[in-house]
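>>> this is the structure alone, sequence omitted:
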Ligand code: DP6
């Protein structure tokens, strides 16, 4: 089973473009219960389910059209040189969909999230690309199949196909046809996400490498699946009952546990910088003085605050340059 066979299963033999142009937007997402570890590296099949919040209109807008010759990729208005790893990853993904050899795609992609905010764009990027390809080729796929196509680009992209709270079901099938994301029909209007940029330099270790290393060498990983199962239950209950404390506490502990498994791998994998730790300690002291604020972190040094709307002004006065996002407005 490889990516190509899954794409064929989903799109069938329908390979001629229905439109001259396909275009789509997909939001970025932040996991409250993390995806960390694959049971199949080729198909990006996860060991556990995960649950995220999409970031409203912050994400990626992508347009695609077919051209003769090789691919042309434009990111935020500038051509991406073909020898970059970004371009290579994108072209390999496009290879899965080409109607005929020698056909290229022109991909014009804009991130509406400032790159300087330190948010990875591969999730929204692959989700927007999968949706745009569906539009171009006229497949009219079901949301769950679009989520699977996005997953083949990057695991977390499976969740960026939807708005609001999203759960990606791990599934158990070898071909991954039961491993797709679905939106939860619940809202949390006062929930705010605050992005604190610590560094936008390319990370020394990617999520892909970090999770592989963790699975292969970290004995702490053995407890991870059971923790995720408990955390998913807590987060679902927190969302249903609008219990902010439970949501924040569960998300923060889940992120720290994920990082603990990575730190315990070999070679050691630490995504934090000294500044990340300073901010964590500041958050813990704000909380000790009665301010309800929590954080989560992905495979990098940047911190994402989880807060309520009425705390935004106070938090911004403690720490300038927080970029606030209201996922539900
Ligand atoms: C820490 O989706 O970037 O952000 O499937 O290898 O492309 P690949 O990994 P990716 O990993 C995201 C890891 C995470 C947690 C999460 O978003 O759930």
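Structure's in. What do you need? Since we're looking at a predicted model, the values are computed, not measured. Numbers count the residues shown, from 1 in each chain.

>>> for the stretch 101-250 of the chain, what lies in contact range of the ligand?
By C-beta under 6 Å from any ligand atom, the residues of the stretch 101-250 of the chain that approach the ligand are 122, 154-156, 207-208. Glycine gets a C-beta too; all of them are placed from N, C-alpha and C.

>>> with the residues you listed in mind, which one is nearest to residue 247?
residue 156 (19.3 Å; C-beta to C-beta).

>>> element containing residue 304?
strand 303-308 (DSSP states H and E).

>>> could you point out the helix or strand that follows that strand?
Scanning forward in sequence from strand 303-308 by DSSP H and E, the next helix or strand is helix 312-318.

>>> and that next one, how far out from the chain's middle?
Centre-to-centre, helix 312-318 and its host chain are 27 Å apart (C-alpha atoms, centre = their mean, to the nearest Å).

>>> buried ones in the following helix or strand past that helix?
Note on helix 312-318: by DSSP H and E, the next helix or strand toward the C-terminus is strand 322-325. Using 16 or more other C-beta atoms under 10 Å as the test for burial, strand 322-325 gives 322-323, 325.

>>> repeat that for stretch 264-279.
In terms of neighbour count (16+ other C-beta under 10 Å), stretch 264-279 has its buried residues at 265, 269, 271-272, 276, 279.

>>> distance between the ends of that stretch?
Start-to-end span of stretch 264-279 (C-alpha to C-alpha, to the nearest Å) is 22 Å.

>>> same question, stretch 74-87
End-to-end distance for stretch 74-87: 10 Å, by C-alpha to C-alpha.

>>> what's the average pLDDT for it?
Stretch 74-87 carries an average pLDDT of 91.

>>> and the residues of the stretch 101-250 of the chain next to the ligand, which two are the farthest apart?
Among those, the pair separated by the greatest distance (C-beta to C-beta) is 156 and 208, at 10.9 Å.

>>> more neighbours: these two, which one.
Of the pair residue 156 and residue 208, residue 156 is the one with more neighbours under other C-beta atoms under 10 Å, namely 29 against 15.

>>> tally of neighbours for the closest residue to the more buried one other than its chain neighbours?
Leaving aside its chain neighbours, residue 156 sits nearest to residue 123 (4.1 Å; criterion: C-beta to C-beta, 6 or more residues apart in numbering). By the measure other C-beta under 10 Å, the count of residues near residue 123 is 30.

>>> any idea of the pLDDT on residue 123?
95.

>>> let's verify it: helix, strand, or coil?
Following DSSP: H, G, I helix; E, B strand; the rest coil, the label given to residue 123 is helix.
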